[in-house]
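**Q** this one's sequence-less:
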């Protein structure tokens, strides 16, 4: 009947499965059948029968003798000898298995039906806890409460989880240790390291050989920067439980932080033997080989990591970087492009791909990557300048000119763009060249003034203290002297002296011309030279014939006679 009911559940015929399972529960009830029946009622949405079946699950008779018979007898040595024999015999192991199966079914059933039997998840779990407290398996109520807190964590209701766990502080030692351990971990995740350290201490007081408590304590000390002490707690956790993966992983991280890369590598290799397909462990091994400059091993481990997480753009980019450093451009391009496919907004990858196509003389393909970079960073002028340079390198001068014009419209003060415009309009023989040359002159002058202001501001802030200290008697003497010569001639003389002093001092400000002299215009030469952001273009092959040297002419020394001259 058990198998028939299981087949009906597999086929989705829940009403037929319920009939078979109800027959078993009436004849010979067991935890597995009761749990399957709860599943069927959950699938049909029958709330009342879910509750009733959960209560029947708690009333299943496991036919286990009283646990008191396994307690030692202080006065009866013969009974103690018998107890030593039966304490771990086959029958005892069978009883433990039955009890563990019941506990697993109760926990799973409570987790399943709690959100459905009441209006809220919390109310449903509270009902399950009350039922367990009234059953013969009262000790399971604490485990249910711990599970309730964990369910709150999964639903990201952290405060509710904290409240449930704090209720265990005054309960028995075992439950208090579990609750304190979870509280420490929870506070650590929230960044409250003081509370995390407090509850880690409580968990260690309850059970000094609890590896989870030792790991939590080591984590708190690690965050305080005491790496050597944290290492001691991780090692103690490993001595308590050699398969504690958290302690082994954190020990590797501490060694890596302290620069002991060989020891860290040993820790992660041991961990890899336990967790064969852990992406985090393989990543740490690959990173450590990279730090040890063992490029072949690092590449091999990164390749294993790609097999587990094939769509990780950072790992793909790292592999591309390793191949690029080794000079294998084709493999480097393959992994950089794969990284770009999964994460097309990585500026460094976009820049690498654009530079790769430029080096390969496929400037048309580089344009699309620089255009995407310009979309991602619209206020960076260099991407637009690179697009224009690609157009110019490919021979599309008209498109390059339009691109430079759009750049100038968006960035009117950019001198590099104006230099390109002056050069390209001059090469194309356009009338706009003079206008752009004038704009370039103005932009360079404005840039020069900004630089002067910035430099004078820095110099003035440096001399502020000394200038303020020297403004005493000498300054007042100058003011009195100036007031005595306050005629027209005196003011003209002082202005001429000041202008002469400024000119002689080499300041960037020019002196005004004399009012009586003629106006002379000053010619300023415009620096229209530019530097291509993509680098110098490749030289074209020279195919023109070389000039013939007159000395090599075979007829140079032959004298022409009169008979050869035309009549």
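**A** Yes, it's here. From a predicted model like this one, the values you see are computed outputs, not experimental measurements.
**Q** so what's residue 274 up against?
**A** Residues in contact with residue 274, defined by C-beta atoms under 8 Å, 6 or more residues apart in numbering, are 243, 245, 248. (Each C-beta comes from the backbone N, C-alpha and C, glycine too.)
**Q** residue ranges of the strands in this structure, please?
**A** In the chain, no strands are defined using DSSP state E.
**Q** For residue 279, give its distance to residue 108.
**A** From residue 279 across to residue 108, the span is 29 Å (C-beta to C-beta, to the nearest Å).
**Q** right, I mislabeled it, should have said residue 205
**A** Applying C-beta to C-beta to residue 205 and residue 108 gives a distance of 32 Å.
**Q** Any regions of the stretch 1-150 of the chain where pLDDT drops low?
**A** 65-74, 76, 79-80, 85 (pLDDT under 70).
**Q** chain center to stretch 273-286, what's the gap?
**A** 19 Å (C-alpha atoms, centre = their mean, to the nearest Å).
**Q** Would you mind finding the longest helix in this structure?
**A** Counting residues, the longest helix found in the chain (DSSP state H) is helix 432-469.
**Q** what packs against that helix?
**A** helix 415-428 (3 or more C-beta pairs under 8 Å, 6 or more residues apart in numbering; DSSP states H and E).
**Q** List the buried residues in the helix it packs on.
**A** Under the neighbour-count criterion of 16 or more other C-beta atoms under 10 Å, helix 415-428 has 415, 416, 417, 418, 419, 420, 421, 422, 423, 424, 425 buried.
**Q** neighbour-wise, which of the contacts of residue 274 leads?
**A** Among these, residue 248 has the most neighbours (other C-beta atoms under 10 Å), with 22 neighbours.
**Q** pLDDT score assigned to that residue?
**A** As predicted, residue 248 sits at a pLDDT of 94.
**Q** Repeat that for residue 340.
**A** Residue 340 carries a pLDDT score of 94 in this model.
**Q** Just give the nearest non-adjacent residue to it, would you?
**A** residue 349 (5.0 Å; C-beta to C-beta, 6 or more residues apart in numbering).
**Q** Equivalent analysis for residue 121, please.
**A** In this structure, residue 121 finds its nearest non-sequential neighbour in residue 115, 4.6 Å apart by C-beta to C-beta, 6+ apart.
**Q** That neighbour touches residue 123, doesn't it?
**A** No - Residue 115 is beyond contact range of residue 123, at 9.7 Å (criterion: C-beta atoms under 8 Å).
**Q** out of the two, which sits in the busier spot?
**A** For residue 115 versus residue 123, neighbours defined as other C-beta under 10 Å are more numerous around residue 115 (16 against 12).
**Q** ok, back up a step: now, which of the contacts of residue 274 sits nearest residue 212?
**A** Closest to residue 212 out of the contacts of residue 274 is residue 245 (11.3 Å), distances taken as C-beta to C-beta.
**Q** does the closest one really touch residue 272, like I thought?
**A** No - between residue 245 and residue 272 there is no contact under C-beta under 8 Å: 10.6 Å.
**Q** Contact partners for residue 450?
**A** The contact partners of residue 450, by C-beta under 8 Å, 6+ apart, come to none.
**Q** Give me the below-cutoff pLDDT ranges for the stretch 401-550 of the chain.
**A** Scanning the stretch 401-550 of the chain for pLDDT under 70 picks out the ranges 459-550.
**Q** rerun that using 50 as the cut-off
**A** Residues of the stretch 401-550 of the chain meeting the criterion pLDDT under 50: 464-524, 526, 545-550.
**Q** same question, the stretch 151-300 of the chain
**A** In the stretch 151-300 of the chain (pLDDT under 50), no residue qualifies.
**Q** mind listing the helices for it?
**A** Using DSSP state H, counting those that start in this stretch, the helices of the stretch 151-300 of the chain run over 158-166, 173-190, 193-206, 211-223, 227-240, 245-257, 261-274, 279-291, 295-308.
**Q** Can you tell me which of those is most buried?
**A** When you average the neighbours per residue for each of these (mean count of other C-beta atoms under 10 Å), helix 211-223 leads with a mean of 24.
**Q** Kindly calculate the angle that that one makes with helix 173-190.
**A** 30 degrees (axes from the mean of the first three to the mean of the last three C-alpha atoms, to 10 degrees).
**Q** what does helix 211-223 rub up against?
**A** Helix 211-223 is contacted from outside by 177, 180-181, 184-185, 188, 193, 196-197, 199-201, 203-204, 206-207, 229-234, 236-238, 240-241, 244, 246-247, 250, 254, using C-beta under 8 Å, 6+ apart.
**Q** repeat that for 7 Å
**A** Residues outside helix 211-223 that contact it (C-beta atoms under 7 Å, 6 or more residues apart in numbering) are 181, 184-185, 188, 193, 196-197, 200, 203-204, 207, 229-230, 233-234, 236-237, 240-241, 244, 246-247, 250, 254.
**Q** what's the spacing between it and its chain's center?
**A** 24 Å.
**Q** For residue 116, see how far away residue 357 is.
**A** For residue 357 relative to residue 116 (C-beta to C-beta), the value is 59 Å.
**Q** and these two? which has more neighbours close in?
**A** Neighbours around residue 357 and residue 116, counted as other C-beta under 10 Å, are more numerous at residue 357. The numbers are 19 against 15.
**Q** so who does the residue lying closest to that one once chain neighbours are set aside touch?
**A** Among residues not flanking residue 357 along the chain, residue 366 sits closest, at 3.9 Å (C-beta to C-beta, 6+ apart). Contact analysis of residue 366 by C-beta under 7 Å, 6+ apart lists 354, 357, 358, 390.
**Q** Most neighbours out of the residues you listed, which is it?
**A** Comparing these on neighbour count, residue 390 comes out first with 28 neighbours (neighbours: other C-beta under 10 Å).
**Q** Pull up the gap between it and residue 362, please.
**A** Look at residue 390 and residue 362: by C-beta to C-beta, they are 10 Å apart.
**Q** what's the answer for residue 290, then?
**A** Here the criterion is C-beta to C-beta. By it, residue 290 lies 31 Å from residue 362.
**Q** how close does residue 91 sit to residue 227?
**A** Distance, residue 91 to residue 227, by C-beta to C-beta: 51 Å.
**Q** swap in residue 105?
**A** With C-beta to C-beta as the criterion, residue 105 and residue 227 are 45 Å apart.
**Q** do residue 6 as well
**A** Distance from residue 6 to residue 227, by C-beta to C-beta: 54 Å.
**Q** go on, residue 377?
**A** To residue 227, residue 377 is 39 Å away according to C-beta to C-beta.
**Q** picking that back up, just give me the neighbour total for the residue nearest to residue 340.
**A** Residues lying near residue 349 (other C-beta under 10 Å) number 25.
**Q** Residues contacting stretch 99-108, please?
**A** With C-beta under 7 Å, 6+ apart as the criterion, stretch 99-108 contacts 31-32, 34-35, 57-58, 60, 62, 64, 132, 140, 143-144, 147.
**Q** let's see it at 10 Å
**A** Outside stretch 99-108, the residues within contact range by C-beta atoms under 10 Å, 6 or more residues apart in numbering are 30-36, 38-39, 54, 57-58, 60, 62, 64, 67, 128, 131-132, 135, 137, 139-140, 143-144, 146-147.
**Q** Can you select the buried ones from those residues in PyMOL?
**A** Burial among the contacts of stretch 99-108 is assessed by 16+ other C-beta under 10 Å; the matching PyMOL selection reads:
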select buried, resi 30+31+32+33+34+35+36+38+39+54+57+58+60+128+131+132+135+137+140+143+144+146+147
